[in-house]
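In: 3D model of this:
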Amino acid sequence: MNELLYPAFGVLLVDDEPAWLRTLSMTLEGRGGLTHLIPCQDSRQVMRLLAEQDVGLVLLDLTMPHLSGEELLGMIVAEHPEVAVIVVSGLNQLETAVKCMRLGAFDYFVKTVEEDRLLDGVRRAVRMLELQRENREMRSRFLSDRLENPEAFSPIVTANKAMRSIFQYLEAVARSTQPILITGESGTGKELIARAAHTLGRGRGPLVSVNVAGVDDSVFADTLFGHLKGAFTGADTVRKGMIEQAADGTLFLDEIGDLSQASQVKLLRLLQEGEFFPVGSDHPRQIRARIIVATQQDLAAKQAAGQFRKDLYYRLRAHQVHLPPLRERKEDISLLLEHFLEKAANALGKKRPTPPRELAVLLSTYSFPGNIRELEAMVHDAVSVHTAKILSMETFLHAIDRQGPAASASQPEADGSGNPFAAVESLPTLAEASELLVDEAIRRAEGNQTIAARLLGISQPALSKRLKQSRS
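Out: Next comes the predicted model:
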């Protein structure tokens, strides 16, 4: 596979001075990390290049033979309004800068300006263009309701509309170099989503996963950045950090909400500067990996409480995906049940058992606090002790009973007090409320009285007696 270019669109460098073009290219590629550069010395070739190639940004000199930069700026704005233009001129004149901005330039820099300011301006323009393209791509995908790369999501078993929307969003932002923040309860499949995003990115490098929960600051730095020989006592050899191991691929940092304040500063600097220092080194190295982070914690709440840096939080949520819990994906329970039955049978060397029809109904009434991971463990446990043709429900019943009545699948919405009747203006009588409750339990249990009785916390004979009384 060819080396992945960054950004996805070309950056056209227009100047008639070969020495300046070389210097600018080295600056953008070295410290800036931009590799999709198109140098051009002849201003007459610019419009042809824009017509033939996917160019998103032009860095334009003003004083050139044949066509001046000012003429080109007007032509680019008129014929290619989607292309951003940064003027990089030897003229340090306020009037000229104002005129260029009025003509439609994104920014204006003098060639003698310090390197950092120019790089910041180029990065801002690239980020703006990436966001514009991502927004257009997302609108197109959502309107057409299509997936271009469904194979990237094949390990994720789902028929849920919210999950499909997540897939479309990931496709739209896949080529961006900005971080992806994946949130969701434990067991919802955050690592699978990270793997899908890595696959969609089409980088040549690997996916490198690091769980940073409980990692102290010194270990975090060594794990991510690596160290030089002799950097500290015991550093007998050079050690590559995870960032270098993930070069041209993806670095996945799980449980990011547990990072210490000191480690948060290091991660923020890495994301802001795009470079890092191995422990014991004075020479920066360029990051060449996409960063994906995940957490089951509420980062917004942690940030508000002063436990997570605000600047890092907003940097990480450039692209954010929130995975719904399994209790909000009830249509997936039967699909996941079949998937895990097959997986468990293969792992245990058994023939796949047939689940009773009422098993999926029973599971749909359970809240699954451990989400998909809990369902997989339940199924594996049941298949491991399975001996008959039809899968027994006993293992599932015991697992659900251990969680207690608080794990009933979905509680009725209330006004926040926890009382479903608090918002009701006219209260039903006790007999009416009892009848409504029984009817709802029967509906959720799809007519299965045994499951309905479990939901109500009564025996099946007691429920049968109530039903006979209500019908008589």
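In: three-state assignment of the spatially closest residue to residue 320 that is not a sequence neighbour?
Out: Beyond its immediate neighbours in the sequence, the residue positioned closest to residue 320 (C-beta to C-beta, 6 or more residues apart in numbering) is residue 181, lying 4.6 Å away. All C-beta spots, glycine's among them, are computed from the backbone N, C-alpha and C. Look at residue 181: counting by DSSP: H, G, I helix; E, B strand; the rest coil, its state is strand.
In: hang on, isn't residue 181 packed against residue 297?
Out: No. In terms of C-beta atoms under 8 Å, residue 181 does not count as a neighbour of residue 297; the distance is 11.4 Å.
In: which one of those two has more residues nearby?
Out: residue 181 (21 against 14; other C-beta atoms under 10 Å).
In: Which segments of the chain make up each domain?
Out: Each structural domain of the chain that the record assigns through automatic domain parsing is listed here as a residue range: 10-135, 149-324, 327-410, 418-472.
In: Just put these in JSON lines and tack on mean pLDDT.
Out: Written out in JSON lines, the entries for the domains of the chain read as follows (pLDDT from 0 to 100):
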{"stretch": "domain 10-135", "mean pLDDT": "92"}
{"stretch": "domain 149-324", "mean pLDDT": "91"}
{"stretch": "domain 327-410", "mean pLDDT": "90"}
{"stretch": "domain 418-472", "mean pLDDT": "81"}
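In: right, and those - which one's nearest residue 142?
Out: domain 149-324 (6.1 Å; C-beta to C-beta).
In: longest helix in this structure, by residue count?
Out: In the chain, ranked by residue count with DSSP state H as the criterion, the top helix is helix 115-144.
In: immediately after that one, which helix or strand?
Out: Proceeding C-terminally, helix 115-144 gives way to helix 161-173 as the next helix or strand, assigned by DSSP states H and E.
In: Buried residues of that next one, list them for me.
Out: 163, 166-173 (16 or more other C-beta atoms under 10 Å).
In: so how far is it off the chain centroid?
Out: 10 Å (C-alpha atoms, centre = their mean, to the nearest Å).
In: Contacts for that helix, please.
Out: With C-beta atoms under 8 Å, 6 or more residues apart in numbering as the contact definition, helix 161-173 has outside contacts at 134, 137-138, 141-142, 145-150, 152-153, 156, 158, 180, 193, 196-197, 200, 319, 321, 323-324, 328-329, 332.
In: Which strand residues bridge the residue minimising distance to the centre of the chain?
Out: Nearest to the mean C-alpha position of the chain, by C-alpha atoms, centre = their mean, lies residue 180 at 3.9 Å. With DSSP bridges applied, residue 180 shows beta-bridge pairing to residue 292, residue 319.
In: Do I have it right that it meets residue 317?
Out: No. No contact is recorded between residue 180 and residue 317 when judged using C-beta under 8 Å, the distance being 9.1 Å.
In: got the contact list for the closest residue to residue 73 other than its chain neighbours?
Out: The shortest distance from residue 73 to any residue other than its chain neighbours is 5.2 Å, reached at residue 103 (C-beta to C-beta, 6+ apart). Under the criterion of C-beta under 8 Å, 6+ apart, the contact partners of residue 103 comprise 70, 73-74, 77.
In: now the helices for the stretch 351-472 of the chain?
Out: Ranges of helices within the stretch 351-472 of the chain are 357-364, 371-384, 394-403, 430-444, 449-456, 460-471, based on DSSP state H, counting those that start in this stretch.
In: and the third one with helix 449-456, angle?
Out: Between helix 394-403 and helix 449-456, the angle formed by their directions is 10 degrees, by axes from the mean of the first three to the mean of the last three C-alpha atoms, to 10 degrees.
In: Just the buried residues of helix 394-403, please?
Out: Those buried within helix 394-403 under the rule 16+ other C-beta under 10 Å are 395-396, 399-400.
In: Just name the closest of the residues you listed to residue 346, please.
Out: For those, with residue 346 as the reference and C-beta to C-beta as the criterion, the closest is residue 395, at 18.5 Å.
In: before we move on, back to that, and of the buried residues of helix 161-173, the nearest to residue 128?
Out: residue 173 (14.7 Å).
In: can you tell me how far the closest one sits from residue 14?
Out: As judged by C-beta to C-beta, to the nearest Å, residue 173 and residue 14 stand 30 Å apart.
In: Repeat that for residue 386.
Out: Residue 386 sits 70 Å away from residue 14, taking C-beta to C-beta as the criterion.
In: Repeat that for residue 391.
Out: In this structure, residue 391 and residue 14 are 69 Å apart, going by C-beta to C-beta.
In: Please identify which of those two sits among more neighbours.
Out: Neighbours of residue 391 and residue 14, each counted by other C-beta under 10 Å, are more numerous for residue 14; the result is 25 against 20.
In: What values do phi and psi take at that one?
Out: Backbone torsions of residue 14, given as degrees, to the nearest 10, read phi -120, psi 110.
In: If it is in a bridge, with which residues?
Out: In this structure, residue 14 bridges to residue 40, residue 60 when assessed by DSSP bridges.
In: next one: residue 110
Out: Beta bridges link residue 110 to residue 89 when assigned by DSSP bridges.
In: mind listing what residue 300 touches?
Out: Under the criterion of C-beta under 8 Å, 6+ apart, the neighbours of residue 300 are residue 313.
In: If you drop the residues flanking it in sequence, what lies closest to residue 215?
Out: Nearest-residue entry for residue 215: residue 223, 6.7 Å, with adjacent residues in sequence omitted and distances by C-beta to C-beta, 6+ apart.
In: Let's verify the one you found: helix, strand, or coil?
Out: Three states are possible here, and by three-state DSSP the one that applies to residue 223 is helix.
In: what about residue 86, helix or strand, and which?
Out: When elements are defined using DSSP H and E, residue 86 is found to belong to strand 84-89.
In: Name the residues of the longest helix of the chain that come out as buried.
Out: Buried residues in helix 115-144, defined by neighbour count with 16+ other C-beta under 10 Å: 118-119, 121-123, 125-126, 129-130, 133-134, 137-138, 141.
In: Adding distance to residue 455, write these out as JSON lines.
Out: Rendered in JSON lines, the data for the buried residues of helix 115-144 read as follows (distance: C-beta to C-beta, whole Å):
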{"residue": "118", "distance to residue 455": "66"}
{"residue": "119", "distance to residue 455": "61"}
{"residue": "121", "distance to residue 455": "62"}
{"residue": "122", "distance to residue 455": "60"}
{"residue": "123", "distance to residue 455": "56"}
{"residue": "125", "distance to residue 455": "58"}
{"residue": "126", "distance to residue 455": "55"}
{"residue": "129", "distance to residue 455": "54"}
{"residue": "130", "distance to residue 455": "49"}
{"residue": "133", "distance to residue 455": "49"}
{"residue": "134", "distance to residue 455": "44"}
{"residue": "137", "distance to residue 455": "45"}
{"residue": "138", "distance to residue 455": "40"}
{"residue": "141", "distance to residue 455": "40"}
